[in-house]
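Trainee: Quick one, structure for this:
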Amino acid sequence: MLGVVSNFFSSFSSGEINISTVLLSLVIATVVAMLGGAIGGMLLAGKDIGYKFSATLGGLFGPAGVIPAVLLGLAVLNLFTNS
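Mentor: Numbers count the residues shown, from 1 in each chain. All right, here's what the predicted structure looks like:
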């Protein structure tokens, strides 16, 4: 079990693109986008519609632009590393 985790983190840190590193990158990007969207929603519309509601909406709409961009970026990286 320890060897599998060690191999995973070594492939992730070396920049090797496989399905496990793509999924981990996608999860990290989604979490960061949700945090950023919630903070942005609170800053933009907190006084108007309430801070909790604007944070909820920002957290839901934040990853909408990030997930396709991350997948596209990983696909381009995969093309450049294979050629």
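Trainee: quick check: mean pLDDT across stretch 47-61?
Mentor: The average pLDDT within stretch 47-61 is 92.
Trainee: How about stretch 64-73?
Mentor: 87.
Trainee: Show me what counts as buried in that stretch.
Mentor: The neighbour-count check on stretch 64-73 (16 or more other Cβ atoms under 10 Å) flags 66, 70 as buried. All C-beta spots, glycine's among them, are computed from the backbone N, C-alpha and C.
Trainee: Identify each buried residue in whichever helix or strand residue 59 is part of, please.
Mentor: Here residue 59 sits within helix 51-61, counting by DSSP states H and E. Buried residues in helix 51-61, defined by neighbour count with 16+ other Cβ under 10 Å: 54-55, 57-59.
Trainee: Could you export those as CSV, including distance to residue 40?
Mentor: Below are the buried residues of helix 51-61 laid out as CSV (distance: Cβ to Cβ, whole Å):
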residue, distance to residue 40
54, 9
55, 9
57, 10
58, 5
59, 10
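Trainee: Out of these, which comes closest to residue 37?
Mentor: residue 58 (3.9 Å; Cβ to Cβ).
Trainee: Just want the most central residue of this structure.
Mentor: With distances taken as Cα atoms, centre = their mean, residue 29 lies nearest the centre of the chain, 1.1 Å away.
Trainee: Name the nearest residue to it, sequence neighbours excluded.
Mentor: residue 70 (4.5 Å; Cβ to Cβ, 6 or more residues apart in numbering).
Trainee: And the host helix or strand of the one you found, what does it pack against?
Mentor: Per DSSP H and E, residue 70 falls inside helix 63-82. Contact here means 3 or more Cβ pairs under 8 Å, 6 or more residues apart in numbering; DSSP states H and E; on that basis helix 63-82 packs against helix 19-49.
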